[in-house]
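Colleague: Sequence first, then the predicted structure, then my questions.
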Amino acid sequence: QANNDMPMSKEWKQQPQNKSFMKLFGYITGANESGSKISMTVPVSTKVTTEEEDGGTVMKEEMGFYVPTEYQESTPTPKADQEVKVVTRPEMVAYVREFGGFAKDKDWEEQKEQLKQDLEGRDDFSQIDFDMYYRQGFDAPFKFWGRKNEVFF
């Protein structure tokens, strides 16, 4: 019923990706074991995987904020009831496609498929994991012009 054209519709907090954002935002604004206030970083990064489960394929999204340099060595521990965990991503080679606008699910999917097509001529194409990709947004929801998004494998 509600469209998702505007970033801050009244149902905004009920959308799954925004519930994830609010949990992470709570963590950086002091809802962690040490009560530390951590500055917001960009991009907001979402790991997207597809898994086979009973009854078909399920898409899973794991949203994350990057921890600023001053907290790299001693990242504040999330509270047990927060559904937030600290994850260190392994070093990786990334193939990235940048695009603008307010990205919706359809946009992410189209950009991911375009990036995959762009990579088809590579000698190592068969070694790239296309079952997992990342979505990265660099802008606040209230920024309307000059938005930056990335999709990468």
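Modeller: Structure received. Treat the numbers as computed from the prediction; the structure is a model and nothing was measured.

Colleague: how about the strands in this structure?
Modeller: When secondary structure is read from DSSP state E, the chain shows strands at 44-53, 56-65, 96-99, 132-137, 149-152.

Colleague: I'd like to know which of those lies nearest to V84.
Modeller: Distances from V84 to each of the strands of the chain were compared using CB to CB; the minimum, 9.4 Å, belongs to strand 56-65. In short, each C-beta sits where N, CA and C put it, glycine included.

Colleague: Next, the angle from that closest one to strand 132-137.
Modeller: 40 degrees (axes from the mean of the first three to the mean of the last three CA atoms, to 10 degrees).

Colleague: Model confidence for the spatially most central residue of the chain, exactly?
Modeller: Nearest residue to the geometric centre of the chain (CA atoms, centre = their mean): T46, 1.8 Å. In the predicted model, T46 carries a pLDDT score of 95.

Colleague: Please tell me how far it sits from K60.
Modeller: In this structure, T46 and K60 are separated by 10 Å, where distance is defined by CB to CB, to the nearest Å.

Colleague: Okay, buried residues for the longest helix seen in the chain please.
Modeller: Taking DSSP state H as the criterion, the chain has its longest helix at helix 105-119. By 16 or more other CB atoms under 10 Å, the buried positions in helix 105-119 come out as 107-108, 111-112, 115-116.

Colleague: May I have the residues that are in contact with the residue nearest to the centre of the chain?
Modeller: 17, 61-64, 134-136 (CB atoms under 8 Å, 6 or more residues apart in numbering).

Colleague: Perfect, I'm done here.
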